[in-house]
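Chemist: one predicted model, sequence on top.
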Amino acid sequence: MHSETDRLNEIIRLSTELNSIQDMDILLERILLEARNSVNADAGSIYICNGDFLVFSNSQNDTKRKLLPKWQKLPYVSLKVKISTKSIAGYVASTGEVLNIPDVYAIEKNAPYHFDSSYDSEMDYLTKSVLTVPMKNNLGQIIGVLQIINAKNDNGVIIPFSSADEPFIQHFANTASIVLQRTQMTRALLLRMINMAELRDPKETGPHVNRVASYAVELYERWAIHNRLPKEEMDRNRDALRMAAMLHDVGKVAISDLILKKPARLTEDEYEIMKTHTIYGAKLLGDKQSNFDEIAAVVALTHHENWDGTGYPGKIDPLTGEPLEKDSSGKPVPLKGEEIPIYGRVVALADVFDALSSKRVYKNEWDENDVLKEIRKLSGIKFDPDLVDVFFDSLDLFKSIRHRYPDID
């Protein structure tokens, strides 16, 4: 078990590390992991306040996770529940109190809150000890709830959380809340940019770009694990990739409405103009002052390159639009295979999967089996075959992401 001094040192160290994370989803995942580790908890969840609701934003469970292959994550579906004192998380969000419950199945009948055992039934899991703390901003307003489940002793036996655990988790949650506010502002700025693009191209919706970004991060992480990238490098890059993937089509703001919103098939000349959105996007993001800027520009430029070398825009300088290498016709030579940066490869697969799976004004969503057949058919042609294998190994997780970011009618 951790000593109090070790826990305090861990919180101080972690506060610095959390400040380096830019993306909200990745921050929530890290917060929950570190909070659980600090008190040796088997599982946990984070809920974020959204008006009168709590949104189930991240969930982890070591017991269930160990049943999966080492590199896979446990899929979960985001839920939205009304804030109410009747549930444990709702009570904490309503009152700001800390609840430390030794056994949720032994809650007194006259308590204002209760435990919904249906979650355990659905997960085939036994919840016992639960520590739930409010996450407050610098104004003292509750912005979320951190809930950790089933403390374990050194022998792996489930025990109650101690009273000494409470101030450490509360302090940790308060520190994390301050950083969370920053990432929420970053996410809001990105979504404003996307809303601007949506005014030009109705396909570029908030749910669409959030799904594409989430798919891309999961594909990248599994690819990185398979290729034994250092964890520090993987974590740094997936944080930047999550935001960069949201802006993959931002260059479409430079394309004429006559082409962008044309209801009929584009002519060859119009299609050539449409393809320049990759170059415009890279140019818009070309002031490279951070890892995010670098990855965002790469994603914008290369997410339409094909594994077999038939994509676009090819080997080109986005700042000048001039080819860096020409073919016999004078056009830029397309990138091929591993010449295509991994960030472009993962976003390419994520973008096509979401486009085929989603309803648009000009088409219905494809049947799931047809989508999967198309992805498999394009392996080695449009997509990196290794990424296609990773994709099929992660289908349950991808389905949970679709539920997390549904299209708004």
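Modeler: It's in.
Chemist: tell me how far S57 lies from Y47.
Modeler: 6 Å (C-beta to C-beta, to the nearest Å). Yep, even glycine has a C-beta here, placed from its N, CA and C like the rest.
Chemist: neighbour count for those two, which is higher?
Modeler: Y47 (28 against 21; other C-beta atoms under 10 Å).
Chemist: am I right that the more buried one sits in a strand?
Modeler: Yes. Assessed with DSSP: H, G, I helix; E, B strand; the rest coil, Y47 lies in a strand.
Chemist: residue contacts, it?
Modeler: L54, V55, F56, S57, A89, A93, G144, V145, Q147 (C-beta atoms under 8 Å, 6 or more residues apart in numbering).
Chemist: pLDDT at it, what is it?
Modeler: Note on Y47: pLDDT of 91.
Chemist: beta-bridge partners for it, please?
Modeler: F56, V145 (DSSP bridges).
Chemist: list residues touching both of S57 and Y47?
Modeler: By C-beta under 8 Å, 6+ apart, the residues touching both S57 and Y47 are G144.
Chemist: so which bits of the helix or strand hosting S38 are buried?
Modeler: Using DSSP states H and E, S38 maps to helix 24-39. When burial is assessed from 16 or more other C-beta atoms under 10 Å, helix 24-39 yields the following buried residues: 24-32, 34-36, 38-39.
Chemist: output that helix as CSV, restricted to C-alpha atoms.
Modeler: C-alpha atoms of helix 24-39 as CSV (Å, rounded to 0.1, in the frame of the first residue of the first chain):
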residue,chain,number,x,y,z
MET,A,24,-10.0,16.4,-22.5
ASP,A,25,-10.8,12.7,-23.1
ILE,A,26,-7.1,11.7,-22.6
LEU,A,27,-6.9,13.8,-19.5
LEU,A,28,-10.0,12.2,-18.0
GLU,A,29,-8.5,8.7,-18.7
ARG,A,30,-5.3,9.7,-17.0
ILE,A,31,-7.0,11.3,-14.0
LEU,A,32,-9.0,8.1,-13.4
LEU,A,33,-6.1,5.8,-13.8
GLU,A,34,-3.9,7.8,-11.4
ALA,A,35,-6.7,8.2,-8.8
ARG,A,36,-7.2,4.5,-8.8
ASN,A,37,-3.5,3.7,-8.5
SER,A,38,-3.1,6.1,-5.6
VAL,A,39,-5.6,4.0,-3.4
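Chemist: chain center to it: distance?
Modeler: Its chain's C-alpha centre and that of helix 24-39 lie 14 Å apart, by C-alpha atoms, centre = their mean, to the nearest Å.
Chemist: out of the contacts of Y47, who's nearest K363?
Modeler: V55 (29.7 Å; C-beta to C-beta).
Chemist: and that closest one, how close does it get to P207?
Modeler: For V55 relative to P207 (C-beta to C-beta), the value is 14 Å.
Chemist: what of V390?
Modeler: 23 Å.
Chemist: more crowded one of these two?
Modeler: Neighbour totals were compared for V390 and P207, and V390 leads with 21 against 15 (other C-beta under 10 Å).
Chemist: quick one: secondary structure of the closest residue to that one other than its chain neighbours?
Modeler: Using C-beta to C-beta, 6 or more residues apart in numbering and skipping the chain neighbours, the partner closest in space to V390 is R222 (4.6 Å). For R222, the assignment made with three-state DSSP gives helix.
Chemist: repeat for P313
Modeler: Quick answer, by three-state DSSP: P313 is coil.
Chemist: does it touch T278 like I think?
Modeler: Yes. Using C-beta atoms under 8 Å, P313 is in contact with T278, at 5.0 Å.
Chemist: thinking again about what came up before, so what does the helix holding S38 touch, helix or strand wise?
Modeler: helix 4-18, strand 41-50, strand 53-61, strand 142-152, helix 165-200, helix 206-226, helix 231-246 (3 or more C-beta pairs under 8 Å, 6 or more residues apart in numbering; DSSP states H and E).
Chemist: pLDDT wise, what is the residue lying farthest from the centre of the chain at?
Modeler: Distance from the centre of the chain peaks at S328, with 42.0 Å (C-alpha atoms, centre = their mean). As summarised for this prediction, S328 has a pLDDT of 84.
Chemist: mind checking the SS state of it?
Modeler: coil.
Chemist: so what does it look like in phi/psi?
Modeler: Dihedral angles phi and psi of S328 (degrees, to the nearest 10) take the values phi -60, psi -20.
Chemist: ok, it to I340 distance?
Modeler: Per C-beta to C-beta, S328 is found 22 Å from I340.
Chemist: next, the contact list for the closest residue in space to K275 that isn't next to it in sequence, please.
Modeler: Nearest non-adjacent residue to K275, counting by C-beta to C-beta, 6+ apart: Y312, 4.8 Å away. By C-beta under 8 Å, 6+ apart, the contact list for Y312 reads K275, T278, H304, E305, P334.
Chemist: how about the third one, secondary structure?
Modeler: Put simply, H304 is coil when judged by three-state DSSP.
Chemist: ok, it to N110 distance?
Modeler: Counting by C-beta to C-beta, the gap from H304 to N110 is 62 Å.
Chemist: got it, and the second one?
Modeler: Taking C-beta to C-beta as the criterion, T278 is separated from N110 by 63 Å.
Chemist: the more surrounded of those two?
Modeler: Between T278 and N110, counting by other C-beta under 10 Å, T278 is the more crowded of the two (27 against 5).
Chemist: now do the contacts for the more buried one.
Modeler: Taking C-beta under 8 Å, 6+ apart as the test, what T278 contacts is G251, A300, L301, T302, H303, H304, Y312, P313.
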